[in-house]
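Need a 3D model of the following:
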Amino acid sequence: MENQIFQLQYAIDTFYFLVCGALVMWMAAGFAMLEAGLVRSKNTTEILTKNVALFAIASIMYLLTGYAIMYDGGWMLSGIEAFSVDSVLSDSTENGFEGDSVYSAASDFFFQVVFVATAMSIVSGAVAERMKLWSFLAFAVVLTGFIYPMEGRWTWGEQDVFGLFSLGDLGFSDFAGSGIVHMAGAAAALAGVLLLGARKGKYGPNGQVYAIPGANLPLATLGTFILWMGWFGFNGGSVLKLGDAASAHSVAMVFVNTNTAAAGGAIAALITARILFGKADLTMLLNGALAGLVAITAEPSTPTALQATFFGMIAGVLVVFSIITLDKLRIDDPVGAISVHGVVGLLGLLLVPVTNDGASLSGQLIGALTIFVWVFAASLAVWYLLKLVTGIRVSEDEEQEGVDLAECGMEAYPEFMSK
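I've put the predicted structure just below:
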């Protein structure tokens with residue numbers, strides 16, 4: 001009977017992990033649609049190419065080096081293979097089990113690898129419309145194979161930061177990755193944007209900021225809904241198991257809080273935009289929903305539903321002001337990724353101690369600083385090296401023509417292009 005119960009829990013937890021991983025993988029489609037909707041039509045094919053290619057690169061690099069670095073397995077992946085039921089029952093310690101976490105090690109790898117791809121997807125939108133495709137893909141190799149796994153090693157991997165101190169001992173907690181995934185992706189994006197510069201025509205000589213509207217807002221809206229749906233796997237899967245009553249209840253609360261935080265963020269951003277601009281700004285509404293999702297990701301299991309709504313509302317207001325502020329600083333982010341994932345990612349970390357007694361404000365600040373400094377500095381070095389060796393920005397003529405033709409040799413909407 002015990003073996004049967006164990007096999008049932010193993011099957012349920014593994015299946016749940018895999019389904020949640022598939023939901024997070026679906027977020028790649030959400031990022032692709034969101035970014036394709038918020039860039040100009042002449043840059044659509046390239047942004048789609050980047051999103052498909054970066055997911056493939058993340059999958060391979062995390063397999064080769066990332067997972068092993070993050071979880072202290074050396075430089076090459078080992079131990080992720082199929083096991084027979086007999087071997088699982090005879091010695092669970094050889095099959096990736098830790099304590100009461102009863103699931104396949106392969107399912108853990110799959111769940112982790114889609115998180116890596118999410119972090120890289122954040123970079124894609126921020127550097128859109130003026131970055132060389134192959135320079136971007138070269139950076140993706142380094143971020144997914146080394147930069148992200150190193151900061152993941154110090155956080156979820158529970159290893160000391162360069163052997164000096166433990167973030168866990170300082171009271172750092174990030175349930176599903178507001179800092180580890182989202183702020184890290186935004187830090188890498190910020191480093192690239194600073195070296196890349198703004199799009200032509202975005203800023204005037206006297207401090208003017210000119211809007212560059214996206215080509216397909218229905219597509220951006222679809223992308224937001226896909227991300228909203230995928231986030232249930234992102235946060236829900238981070239409970240790590242489902243095969244007992246306590247875990248099932250925790251999963252249910254995480255789903256509820258994830259949804260209500262997104263709703264709070266959307267409404268707050270919409271109202272804020274109405275007050276500031278006099279109009280209902282759809283792009284702010286979309287980014288407000290995403291901001292609510294990012295904010296609750298650091299701790300979706302301990303707040304009440306009302307608290308989660310309030311956290312989302314704070315994020316929705318913050319993201320509007322952050323987008324405005326970055327524009328005033330002439331930091332050109334076509335999709336608002338740095339604000340949504342970076343600024344709000346930090347907010348999410350700082351909100352954790354409000355409902356989680358196991359986290360401390362000082363630990364959250366030190367953890368956030370560690371993640372940001374490492375990812376930003378390492379990314380800046382890689383971006384700068386790429387700038388020296390291959391260049392990272394397309395020519396002015398190519399930018400004017402559109403990177404679809406310059407980088408991919410095809411247009412997303414050829415029948416609508418003027419010849």
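
Leu329: neighbouring residues, count only.
Neighbour count for Leu329, taken as other C-beta atoms under 10 Å: 8. For the C-beta atoms, the positions are set from N, CA and C on the backbone; glycine is no exception.

do you know how far it is from Val239?
Distance, Leu329 to Val239, by C-beta to C-beta, to the nearest Å: 38 Å.

pLDDT below threshold where in the chain?
1-3, 73-102, 417-419 (pLDDT under 70).

what's the longest helix in it?
Using DSSP state H, we find that the single longest helix of the chain is helix 2-38.

residues touching the closest residue to Ile331 other than its chain neighbours, list them.
Of all residues not flanking Ile331 in the chain, Val193 sits nearest, at 6.0 Å (C-beta to C-beta, 6 or more residues apart in numbering). Counting by C-beta atoms under 8 Å, 6 or more residues apart in numbering, Val193 makes contact with Ala126, Val127, Ile331, Asp332, Asp333, Ile338.

in the stretch 251-400 of the chain, which spans are helices?
282-297, 305-328, 337, 344-355, 361-389, 396-401 (DSSP state H, counting those that start in this stretch).

Can you add distance to Leu8 and give these back as TSV?
As requested, the helices of the stretch 251-400 of the chain are exported to TSV (distance: least, C-beta to C-beta, whole Å):
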stretch	distance to Leu8
helix 282-297	30
helix 305-328	31
helix 337	42
helix 344-355	32
helix 361-389	37
helix 396-401	57
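
Phe146 is nearest to which of these?
Closest of the helices of the stretch 251-400 of the chain to Phe146 is helix 361-389, at 7.9 Å (criterion: C-beta to C-beta).

other SSEs contacting that closest one?
Where contact means 3 or more C-beta pairs under 8 Å, 6 or more residues apart in numbering; DSSP states H and E, helix 361-389 is packed against helix 133-142, helix 148-154, helix 184-196, helix 344-355.

So for it, what gets flagged as buried?
363-364, 366-368, 370-372, 374-376, 378-380, 382-383, 386-387 (16 or more other C-beta atoms under 10 Å).

can you check stretch 234-252 too?
Using 16+ other C-beta under 10 Å as the test for burial, stretch 234-252 gives 234-243, 247, 250-251.

do stretch 251-263 as well
For stretch 251-263, a neighbour-count test (16+ other C-beta under 10 Å) marks Val251, Met253, Val254, Phe255, Asn257, Thr258, Asn259, Thr260, Ala261, Ala262, Ala263 as buried.

can you put those residues in JSON lines and add distance to Ile47?
Below are the buried residues of stretch 251-263 laid out as JSON lines (distance: C-beta to C-beta, whole Å):
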{"residue": "Val251", "distance to Ile47": "34"}
{"residue": "Met253", "distance to Ile47": "36"}
{"residue": "Val254", "distance to Ile47": "31"}
{"residue": "Phe255", "distance to Ile47": "30"}
{"residue": "Asn257", "distance to Ile47": "31"}
{"residue": "Thr258", "distance to Ile47": "26"}
{"residue": "Asn259", "distance to Ile47": "28"}
{"residue": "Thr260", "distance to Ile47": "31"}
{"residue": "Ala261", "distance to Ile47": "27"}
{"residue": "Ala262", "distance to Ile47": "24"}
{"residue": "Ala263", "distance to Ile47": "28"}
